[in-house]
Each structure stands twice: as C-alpha cells, then as structure tokens.
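Undergrad: fold the following.
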Amino acid sequence: MRLVRLAFTLLAILASSSALAKMVAQPVSWTLDGTTFKSFLVYDDATQAKRPGLVMVPNWSGVNDIAIAKAKRIAGKDYVILLTDMYGAAVRPKNDEEAKAAVGPLYHDRSVMRKRVGEAFAQLKAAAAHAPIDPSRLAAIGFCFGGAVVLDLARSGSDAKAVVAFHGDLSTDDPSLASNIKARVLAINGSDDAFTMPDVPKFTEEMKHDPADWQFVEIGHVVHCFTETEATAKTGNCRYDAKAAARSYVMMRDWLKESFGGE
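TA: Numbering: from 1, shown residues only. From the prediction side, this is the model:
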C-alpha cells in the first residue's frame, strides 16, 4: 500500500513539474539609431540545459502572433530563438501593402538591414547571460524577407556558425561581400518560385566567392512561402506546402548540427 501511495505521489510531482514547464516568449527590447525594437526570446523552460541560439527573422509581416507560434514550433527543446523585429516597435504591418512599405527602406539601403540584424545577433549573444544559450553555437534563420536578412548577416562577416534562408530573397546590393562570409550558408527555395528563382544564377555565382561552406537547394514543384502555414491560397506564387516545409526543416536541423560540430 505504501508503494502505491509513493507511486501516486511521484506521478503527482512529475505532473506538477510538467505543467510548470512551457514554451516562453520573453519580450526583449533594444534601441539602435534612435529606434526601439521589440523582439521575443523563445524557448522551452523545462530545462536550463544550454542549447544553440538562433536569430530568427520572420517574413515581411514581421513580429506577430503567427511568427511567435512558428518560433515556438521550431525552438522546441532544441534551440533558444530570438524572434527579431527588423522594423521597430512602432511598425507592425497588418496587410501585404503595409508589409511592402515596411521592407522598402531596408531593401533601399541594405547597410541599414545589415546593421539591424547585426545588432540582433549581438543581442542574442548577450542573452546567453540569462537564458539557456550555448554562446559557442549561434546561428540565424530567416523566411522570405527574413531569408534576405540572414543572408546579409552572413555577408557582413558575422561570426554566426551558420545561416539558413527559407524561400528567401537571394539578391544583394554588393556581390563582393560574399568574400566576407564566415558562416556556413544554406538557402532553400522552391523551383517554381517566380519571385526568387530569377536571382539564382547571380546568387550561385556570388557564392563561388564565399570562402565558407555553402549549399543551394531547389525543392521541385514548390513556389514561394512554402513554410508559411497562413499562406492558404490554392493558386499563385505564395502557398504553404507541408511536405516541402517538413523536408526543409530536416535539412535545416542537419545543417545546424553539422555547423555546430555534430553535437
């Protein structure tokens, strides 16, 4: 009888501990050039075991509930993610028209884009002082516009171990910056993406001057936005593809694991 009571007590303790553990999204703010940015540090607090830290730059809709949910799914128990605000706390696009207006200045002056994502990467490093981040295993991932941003982080000479761009804009304002790259670069795009695929020849030529390891992957019969669950259109160039998304996440995890030394 005592053994039964002890078993129930242990189960109750475990259930209580499990209930307390959850995915957290802690607000993180910083100011750069007079603009305040509001991002979120996302991770599972079930354990304080150190894990890789990732800057994650969402699509042009920026930081919103959908992006936070996506960061939580990717982070799981494996990563601490800094979901990064690239526009400033006062800019939260509500539709594609507002998103286009928000990304415009950053595409117009890519040096500003690189400076902002560079600061985000510095903030990720600083977060290792209070979050379960292994500062020796840092990388960046990005989606659509965010893909362009993390590729520019690599071009800036960042000491990130890797960057992974999903259906990202492959263009650059200066192909010579590829010679600065230290991060291992993985870009994954849909073969039928009318937005990004025209830039593939220039991108691959640019990457030939990248001294680090790089890989470009085309997923067949897939268009833009293939990881974006909210892209529910049945036709057009922006459509979620569950199979392509799952495949690309496997490639991401393998690339990051290899970049972090296979740990």
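Undergrad: low-confidence ranges, this structure, go.
TA: Scanning the chain for pLDDT under 70 picks out the ranges 1-21, 263.
Undergrad: can you map out the strands along the stretch 151-263 of the chain?
TA: Along the stretch 151-263 of the chain, counting by DSSP state E, counting those that start in this stretch, strands occupy 162-166, 184-190, 214-219.
Undergrad: the stretch 1-150 of the chain too?
TA: Using DSSP E, counting those that start in this stretch, the strands of the stretch 1-150 of the chain run over 23-32, 35-44, 51-57, 80-83, 133-143.
Undergrad: show residues contacting the shortest one.
TA: It stands for strand 80-83. Residues outside strand 80-83 that contact it (CB atoms under 8 Å, 6 or more residues apart in numbering) are 25, 28, 39-43, 51-56, 58, 63, 67-68, 71, 74-75, 120, 123-124, 127, 131-133. Yep, even glycine has a C-beta here, placed from its N, CA and C like the rest.
Undergrad: and for stretch 24-40, what are the contacting residues?
TA: Stretch 24-40 has contacts (CB under 8 Å, 6+ apart) with 41-45, 63, 68, 71-72, 82-90, 115-116, 119-120, 123, 127, 131.
Undergrad: now it: buried residues?
TA: Under the neighbour-count criterion of 16 or more other CB atoms under 10 Å, stretch 24-40 has Ala25, Val28, Leu32, Phe37, Ser39, Phe40 buried.
Undergrad: do stretch 83-98 as well
TA: By 16+ other CB under 10 Å, the buried positions in stretch 83-98 come out as Leu83, Thr84, Asp85, Met86, Tyr87, Gly88, Val91, Arg92, Pro93.
Undergrad: the first one bridge partners, please.
TA: In other words, Leu83. When bridges are called by DSSP bridges, Leu83 pairs up with Phe40, Met56.
Undergrad: OK, contacts around Ala233?
TA: By CB under 8 Å, 6+ apart, Ala233 lies in contact with Arg239.
Undergrad: export the buried residues of stretch 83-98 to a markdown table and tack on distance to Ala139?
TA: Supplementary listing: the buried residues of stretch 83-98 in a markdown table, determined by distance: CB to CB, whole Å:
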| residue | distance to Ala139 |
| --- | --- |
| Leu83 | 14 |
| Thr84 | 13 |
| Asp85 | 19 |
| Met86 | 17 |
| Tyr87 | 22 |
| Gly88 | 24 |
| Val91 | 26 |
| Arg92 | 26 |
| Pro93 | 26 |
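Undergrad: what about Ala242, how many residues nearby?
TA: Using other CB atoms under 10 Å, Ala242 has 10 neighbouring residues.
Undergrad: and if you look at Glu258?
TA: Using other CB under 10 Å, the number of residues around Glu258 comes to 14.
Undergrad: and the helices in the stretch 151-263 of the chain?
TA: Per DSSP state H, counting those that start in this stretch, the stretch 151-263 of the chain carries helices over the ranges 200-207, 242-259.
Undergrad: out of those, the one nearest His167 is which?
TA: His167 lies closest, by CB to CB, to one member of the helices of the stretch 151-263 of the chain: helix 242-259, at 8.6 Å.
Undergrad: export stretch 143-151 as PDB, just CAs?
TA: The C-alpha coordinates for stretch 143-151 follow below in PDB (Å, rounded to 0.1, in the frame of the first residue of the first chain):
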ATOM      1  CA  PHE A 143      11.900  33.300 -44.000                       C
ATOM      2  CA  CYS A 144      11.100  35.200 -47.300                       C
ATOM      3  CA  PHE A 145      12.300  38.800 -46.500                       C
ATOM      4  CA  GLY A 146      13.900  37.200 -43.400                       C
ATOM      5  CA  GLY A 147      15.900  35.000 -45.700                       C
ATOM      6  CA  ALA A 148      17.400  38.000 -47.400                       C
ATOM      7  CA  VAL A 149      18.200  39.500 -43.900                       C
ATOM      8  CA  VAL A 150      20.100  36.400 -42.600                       C
ATOM      9  CA  LEU A 151      22.000  36.100 -45.900                       C
END
